[in-house]
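Student: Next come a sequence and a model predicted from it.
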Amino acid sequence: MWKQLVTLIRGTAHEAGQSVVDARALTILDQQIRDAGSAQAKARDDLATVTAKRRLIEKDIEQLGAQRDKYEASARAAMGRGDMDLAREVAERLATIERELNAKNPQVADMRSAEDRMRGIIKAGDGKIEALRREVDVVRANESVQQAQAQIASNTHGAQSQLGSAADSLARLKERQAVREEKFRASAELEDMRTGADLDAKLEKAGLLPGSSSADDILARLSAPRDGGEARRETGRLNDKSGG
């Protein structure tokens with residue numbers, strides 16, 4: 001049980017650490033590129049140092065070669081005069097010079113080989129760093145685009161949610177208005193029933209209320225023949241109006 005708990009803790013810590021690394025991946029890559037650039041700069045400095053030392057050795061070899069040529073000529077001249085002691089002394093100096101030349105020439109060859117290897121390594125490192133920088137630039141650009149897309153999606157979702165809430169509120173408002181309208185109508189109907197106004201309206205529409213007449217009733221009355229008395233009353237009213 002304890003072993004499983006320890007394993008769980010280690011796994012959780014790994015996941016947490018991995019999440020932190022993933023979240024800061026670009027920052028870590030940038031720092032790694034800077035570290036690699038520093039290492040490349042150190043390698044170039046080392047290459048310059050090796051090159052400088054090799055050139056100094058080559059100058060020594062050149063000077064030693066000049067001394068060798070000079071002493072060889074001197075030794076021949078001494079031998080030509082028969083001064084063998086002087087010739088031997090010059091020969092001993094020549095032997096020292098040749099030993100130094102034999103030691104320095106391989107050094108120059110080795111240093112040239114080392115320089116070539118270092119140049120190849122530096123060139124390859126520069127290529128890798130440049131490629132990594134390009135990849136980081138692409139990843140950073142993609143990250144920016146995806147973050148913008150995520151923000152747009154989040155805003156769109158929020159807007160849609162707000163629109164949905166507003167639509168729901170509008171529907172509820174319409175429903176309340178419809179219920180209120182129905183309540184007004186029902187109250188009016190109940191008031192008409194209480195006062196009999198609804199029944200009067202029905203009777204008036206049917207032409208059954210006293211003093212109520214429809215257009216058809218008026219037309220029927222006007223088209224009906226008049227009796228003598230009504231005709232004389234009508235004539236009298238007209239005469240009174242003209243005399244007045």
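Tutor: Yep, that arrived.

Student: Who are the packing partners of the host helix or strand of Gly120?
Tutor: Assigned by DSSP states H and E, Gly120 belongs to helix 84-195. Packing contacts for helix 84-195, counted by 3 or more C-beta pairs under 8 Å, 6 or more residues apart in numbering; DSSP states H and E, involve helix 25-81, helix 197-206. Bear in mind the C-beta positions are built from the backbone N, C-alpha and C, glycine included.

Student: Could I get the average pLDDT for the last one?
Tutor: It refers to helix 197-206. On average, the pLDDT along helix 197-206 is 64.

Student: Extract the CA atoms of stretch 103-122 and return them as PDB.
Tutor: Taking C-alpha atoms only, stretch 103-122 is exported to PDB below (Å, rounded to 0.1, in the frame of the first residue of the first chain):
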ATOM      1  CA  ALA A 103      58.800  18.100 -32.900                       C
ATOM      2  CA  LYS A 104      56.900  21.200 -34.200                       C
ATOM      3  CA  ASN A 105      55.900  20.000 -37.700                       C
ATOM      4  CA  PRO A 106      53.600  17.200 -36.400                       C
ATOM      5  CA  GLN A 107      52.100  19.700 -33.900                       C
ATOM      6  CA  VAL A 108      51.200  22.000 -36.800                       C
ATOM      7  CA  ALA A 109      49.600  19.100 -38.700                       C
ATOM      8  CA  ASP A 110      47.600  18.000 -35.600                       C
ATOM      9  CA  MET A 111      46.500  21.500 -34.900                       C
ATOM     10  CA  ARG A 112      45.300  22.000 -38.500                       C
ATOM     11  CA  SER A 113      43.300  18.700 -38.200                       C
ATOM     12  CA  ALA A 114      41.800  19.900 -34.900                       C
ATOM     13  CA  GLU A 115      40.900  23.200 -36.500                       C
ATOM     14  CA  ASP A 116      39.100  21.500 -39.400                       C
ATOM     15  CA  ARG A 117      37.200  19.300 -37.000                       C
ATOM     16  CA  MET A 118      36.200  22.300 -34.800                       C
ATOM     17  CA  ARG A 119      35.100  24.300 -37.800                       C
ATOM     18  CA  GLY A 120      32.900  21.400 -38.900                       C
ATOM     19  CA  ILE A 121      31.400  21.000 -35.400                       C
ATOM     20  CA  ILE A 122      30.800  24.800 -35.200                       C
END
